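Enquirer: this one's structure only:
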């Protein structure tokens, strides 16, 4: 991304001028399209219930109001618990996943490991063939007893073969001589992995770790499959939001706990306020983390 | 074979630590992928909870017959494939256009902001995208209908209108994925040797000529490979997208149901294990064949980029 773009040094021609105007317009329009849904949700969350019910959602709030957020934070327990579950799952899953993935990637990157192609294929095969949802679901619920178990939110997306291969290609670029000299100093494989390989691929670890964290933060699918309504205390943030949006009773339950009569609950702006609260951390972190994701996409594109 | 085995045993002894380091990841993959693979026998069984996967009685191809005769097989396969083709064409076109425009932009901040804004939707969950769709298309207070009313047009009820869904889904897919692909193609354009452009400048080439005769031919391999690899996943519907965007709305299932949503819905709502595993196996086998085919084609065009 650092390379300069291909700007001609000659006087600016007419084609360049037209091109510049066109490209600014196209990119501005497309960016506006990407931004629009966010603005609509933000504006809706700051509107009052009556103006939405009479005039609908608009680009700018008709009557600015903080009611939705006030109601939401009147009963913060559910929301905070969902946040807590998501944070717990994201941290555990990311560190465990990164540890297991990088450890396996280190071994697969060792040229001295005779079976590295076989083992790589063992991992790779799972990304091109699977048994389908039903056997997986039955095995997880009937035999592993994942039903209503927080492990069901962690284990299914713990190991991602693509990330394993990305880390492997990072580690393959480490000169073998470094491993050799560590070995001469009497270091075992785990020591080499921990003290030589890991420090040398910090950028790769950051990139892959962020992708894993993002997957955990955004996961609602496993919660939908494995958690009953009775265990709503295990609901992660995104599934909690999903229920507020799609199930009327989730919202009325929240209303009942806030002590407000259902008719006084700003249900429409509340749905959007909830969306804003669930997306907030990603929006805030995005500017700082974007470059790692760009790196990840670029590597993934070159070779998986 | 025997020699191979003794080699493996020897290696297990000598490289004990290395094998132990692979073990935890391997166990996760065995539990989450390989053991469930054995469960594909369910497609040929009538599952009951008591007897489990292996104790339930065999029914040969009855589950498949049921799936194909229900008429659902054709609808969901058609939807899956047609949507994937449409997504691929529209997204690729937009991604390449954006990448070329961004690569030629001189203004640094405009470039950075537009690229960041377009990449951002990739990071939000499908639940949030579902909220966006609700916010825009809800019949009573959706922003689209608010706007239509303001300009004096009739409001549209998307939840019973089959014709609009392909457009909504294509737009949502573009919204979520164009930024990601743009980053990818932009990286590929940045790898082009800048001397080519300098030489073209000396020859007095116009912008369009440079794009037409340098940029596009240089990123052609990337385009071709990504296209071919997409063949391998053409039978796989983006479950999270279809589930959240359509809200599982029964009125428009004819045009929005893909294999993955059909299987999940049948599993969760009907507890229909036999037929859904048959549908799942049908999808897995076809996908597998398509991946092999795609890989073969890539090998022919660009051997370096073959998957295996």
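Expert: That came through fine. Bear in mind the structure is a predicted one, so any value in this text is a computation, not a measurement. Numbers count the residues shown, from 1 in each chain, chains lettered A, B, ... in the order given.
Enquirer: and the most centrally placed residue in chain A, helix, strand or coil?
Expert: Taking Cα atoms, centre = their mean, the centroid of chain A lies closest to residue A:214, which sits 1.9 Å from it. Assigned by DSSP: H, G, I helix; E, B strand; the rest coil, the conformation of residue A:214 is helix.
Enquirer: contacting residues for the closest residue to it other than its chain neighbours?
Expert: Among residues not flanking residue A:214 along the chain, residue B:123 sits closest, at 6.3 Å (Cβ to Cβ, 6 or more residues apart in numbering or on different chains). To be clear about C-beta, it is placed using only N, CA and C from the backbone, and glycine gets the same treatment. For residue B:123, the contacting residues are A:214, A:218, A:282, A:286, A:293, by Cβ atoms under 8 Å, 6 or more residues apart in numbering or on different chains.
Enquirer: okay, residue B:123: pLDDT?
Expert: You'll see residue B:123 listed with a pLDDT of 93.
Enquirer: where does the stretch 51-200 of chain B dip in pLDDT?
Expert: Nowhere does the stretch 51-200 of chain B drop to pLDDT under 70.
Enquirer: what are the phi and psi values at residue B:45?
Expert: phi -130, psi 160 (degrees, to the nearest 10).
Enquirer: scratch that, residue A:79
Expert: Main-chain dihedrals, residue A:79, degrees, to the nearest 10: phi -60, psi -40.
Enquirer: ok, it touching residue A:240?
Expert: Yes: the pair residue A:79 and residue A:240 passes the contact test of Cβ atoms under 8 Å, sitting 7.3 Å apart.
Enquirer: please say which of the two ends up with more neighbours.
Expert: residue A:240 (24 against 19; other Cβ atoms under 10 Å in any protein chain shown).
Enquirer: ignoring the adjacent residues along the chain, who's closest to that one?
Expert: Per Cβ to Cβ, 6+ apart, closest to residue A:240 is residue A:82, 3.9 Å.
Enquirer: quick check: the residue nearest to residue A:214 vs residue B:247, distance?
Expert: Applying Cβ to Cβ, to the nearest Å, the value for residue B:123 to residue B:247 is 22 Å.
Enquirer: close to chain B: what parts of the stretch 151-300 of chain A are there?
Expert: Residues of the stretch 151-300 of chain A lying near chain B by Cβ under 8 Å from any Cβ of the partner chain: A:155-156, A:158-159, A:161, A:164, A:188-190, A:193, A:214, A:217-221, A:224-225, A:238-239, A:241-242, A:245-246, A:268, A:271-272, A:275, A:278-279, A:282-283, A:286-287, A:290, A:293-294, A:297-298, A:300.
Enquirer: just for the stretch 1-150 of chain A, where's the confidence low?
Expert: In the stretch 1-150 of chain A (pLDDT under 70), the answer is A:1-12.
Enquirer: quick one, helices of it?
Expert: A:14-45, A:49-55, A:67-74, A:76-109, A:116-128, A:133-138 (DSSP state H, counting those that start in this stretch).
Enquirer: ok, the stretch 101-250 of chain B next?
Expert: B:108-119, B:126-137, B:143-150, B:165-190, B:194-202, B:207-210, B:216-232, B:239-246.
Enquirer: ok, residue 127 - how many residues close by?
Expert: Picked chain A for this. 16.
Enquirer: please refer instead to chain B.
Expert: With other Cβ under 10 Å as criterion, residue B:127 counts 27.
Enquirer: would you confirm that it contacts residue A:240?
Expert: No: if you go by Cβ under 8 Å, residue B:127 and residue A:240 don't touch, sitting 9.3 Å apart.
Enquirer: now list whatever residues contact both of these two.
Expert: What both residue B:127 and residue A:240 touch, as defined by Cβ under 8 Å, 6+ apart, is the set residue A:278.
Enquirer: doesn't residue B:81 belong to a strand?
Expert: No: counting by three-state DSSP, residue B:81 is not found in a strand; it is helix.
Enquirer: distance check, it against chain A.
Expert: Distance of residue B:81 to chain A, given as Cβ to the nearest Cβ, to the nearest Å: 18 Å.
Enquirer: got the contact list for the residue of the stretch 151-300 of chain B found nearest chain A?
Expert: Among the residues of the stretch 151-300 of chain B, residue B:280 lies closest to chain A, at 2.5 Å counting by Cβ to the nearest Cβ. For residue B:280, the contacting residues are A:131, A:132, A:133, A:134, A:135, B:40, B:43, B:263, by Cβ under 8 Å, 6+ apart.
Enquirer: so the closest residue to the fourth one other than its chain neighbours: helix, strand or coil?
Expert: Ranked by Cβ to Cβ, 6+ apart and with sequence neighbours excluded, the top spatial neighbour of residue A:134 is residue B:277, at 4.0 Å. When states are read from three-state DSSP, the local structure at residue B:277 comes out as helix.
Enquirer: report how many residues lie close to residue B:277.
Expert: 32.
Enquirer: what of residue A:48?
Expert: Neighbours of residue A:48 (other Cβ under 10 Å): 18.
Enquirer: number of residues surrounding the residue lying closest to it once chain neighbours are set aside?
Expert: Sequence neighbours aside, residue A:65 is the residue nearest to residue A:48 in space, at 3.7 Å (criterion: Cβ to Cβ, 6+ apart). Residue A:65 has 18 neighbours, counted by other Cβ under 10 Å.
Enquirer: now swap in residue B:169 and tell me
Expert: 23.
Enquirer: can you tell me, leaving aside adjacent residues, what's nearest to residue B:64?
Expert: Excluding the flanking residues, the one nearest residue B:64 by Cβ to Cβ, 6+ apart is residue B:278, at 4.8 Å.
Enquirer: so that neighbour touches residue B:60, yeah?
Expert: No: at 11.0 Å, residue B:278 and residue B:60 do not qualify as touching, with contact defined as Cβ under 8 Å.
Enquirer: overlap in contacts, the two.
Expert: residue B:44.
Enquirer: ok, these two, which is more surrounded?
Expert: residue B:278 (29 against 9).
Enquirer: look up how far residue B:77 lies from that one.
Expert: Counting by Cβ to Cβ, the gap from residue B:278 to residue B:77 is 13 Å.
Enquirer: again with residue A:270
Expert: 40 Å.
Enquirer: try residue A:32
Expert: Residue A:32 is 36 Å from residue B:77, by Cβ to Cβ.
Enquirer: neighbour-wise, which of these two wins?
Expert: Legend: neighbour count by other Cβ under 10 Å for residue A:32 and residue B:77, higher for residue B:77 (19 against 12).
Enquirer: can I assume that one sits in a helix?
Expert: Yes: judged by three-state DSSP, residue B:77 forms part of a helix.
Enquirer: who touches it in this structure?
Expert: Residue B:77 neighbours (Cβ under 8 Å, 6+ apart): B:235, B:259.
Enquirer: got the residues of the stretch 151-300 of chain B near chain A?
Expert: Close to chain A, as judged by Cβ under 8 Å from any Cβ, the stretch 151-300 of chain B has residues B:175, B:178-180, B:183-184, B:186-188, B:190, B:194, B:197, B:201, B:206-208, B:210, B:222, B:232, B:239-240, B:244, B:247, B:260, B:263-264, B:267-268, B:273, B:276-277, B:279-281, B:283-284, B:287-288, B:291.
Enquirer: can you count the residues close to the residue nearest to residue A:240?
Expert: 26.
Enquirer: so what's it up against?
Expert: Here residue A:82 is in contact with A:235, A:236, A:237, A:239, A:240 (Cβ under 8 Å, 6+ apart).
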